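Participant: kindly generate the corresponding structure for this input.
(2 chains)
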Amino acid sequence: GNSVTQMEGPVTLSEEAFLTINCTYTATGYPSLFWYVQYPGEGLQLLLKATKADDKGSNKGFEATYRKETTSFHLEKGSVQVSDSAVYFCALSEQGAQKLVFGQGTRLTINP
Amino acid sequence: DTGVSQNPRHKITKRGQNVTFRCDPISEHNRLYWYRQTLGQGPEFLTYFQNEAQLEKSRLLSDRFSAERPKGSFSTLEIQRTEQGDSAMYLCASRGHVRSGANVLTFGAGSRLTVL
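Facilitator: Numbering: from 1, shown residues only, chains lettered A, B, ... in the order given. Coordinates of the predicted model:
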């Protein structure tokens, strides 16, 4: 079945550091890929998405590129801020399917 | 647009009791989803409604769980005879018509269940 595997956390970085959170997936077709973020006490929010191979999703300085050859969708940001501290979830949705399949989440803490 | 609203935000109950959670989706969204999230894990799909019709149910949704969306607006998730293993965050999400985007869900803040 479909699955998503994320880099294990927690991840702790200093402000202005470079961030990578790895995400790989297993899917039978051509899924859409997503990164959701969950700030403390809030609901999950869509951070970015990509719907086909080689698409790059970007938002708030974060980027992720849909790599079909490596079945990956790694999240990157060039210079993190304290306000980026949150839990990040990689997810996929098969074509025509309604449900999202999530990874286990990666907790990110940014220290000033 | 007030977002997806869930109530109560936290419920503490004793094993064997019944609990009910309510979700009010974004008003123009016709699709509504329930997910369960346990500590340290990602959300797991439970069930999905399109308008008032429940179109998909996960095997995670045992016969003690029932979800309804009677008028195609708000939804309720009831858990009967709760067990300690039911302790989790129950998330509701909604989405508009397919043409509005590829499965972009708007999530509520969740209802946390603690079964003692």
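Participant: right, and residue B:28 touches residue B:96 too?
Facilitator: Yes - counting by C-beta atoms under 8 Å, residue B:28 touches residue B:96, with 6.1 Å between them. No exception for glycine: its C-beta is placed from N, CA and C like everyone else's.
Participant: show me what contacts residue A:19?
Facilitator: Contact analysis of residue A:19 by C-beta atoms under 8 Å, 6 or more residues apart in numbering or on different chains lists A:11, A:13, A:75-77, A:80, A:84, A:108.
Participant: so which helix or strand takes in the spatially most central residue of chain B?
Facilitator: Closest residue to the average C-alpha location of chain B: residue B:34 at 3.1 Å, with C-alpha atoms, centre = their mean. Residue B:34 belongs to strand B:31-37 when assigned by DSSP states H and E.
Participant: give me the residues contacting that strand.
Facilitator: By C-beta under 8 Å, 6+ apart, strand B:31-37 touches A:98-99, B:23, B:25, B:43-50, B:60, B:67, B:69, B:75, B:77, B:88-96, B:105, B:110.
Participant: helices along chain A, start to end?
Facilitator: Taking DSSP state H as the criterion, chain A carries no helices.
Participant: that one against chain B: which residues are in contact?
Facilitator: Residues of chain A found near chain B (C-beta under 8 Å from any C-beta of the partner chain) are A:4, A:32, A:34, A:36, A:41-46, A:49, A:51, A:89, A:91, A:93, A:97-105.
Participant: buried ones among the residues you listed?
Facilitator: A:4, A:32, A:34, A:36, A:43-44, A:46, A:49, A:51, A:89, A:91, A:93, A:97-105 (16 or more other C-beta atoms under 10 Å in any protein chain shown).
Participant: for the residue in chain A that chain B sits nearest to, give me its contacts.
Facilitator: The nearest approach of chain A to chain B comes at residue A:102, 3.2 Å away (C-beta to the nearest C-beta). Going by C-beta under 8 Å, 6+ apart, residue A:102 touches A:4, A:36, A:89-91, B:42-44.
Participant: so which of these are in strands?
Facilitator: With strands taken from DSSP state E, the overlap with the contacts of residue A:102 comprises A:4, A:36, A:89-91, B:44.
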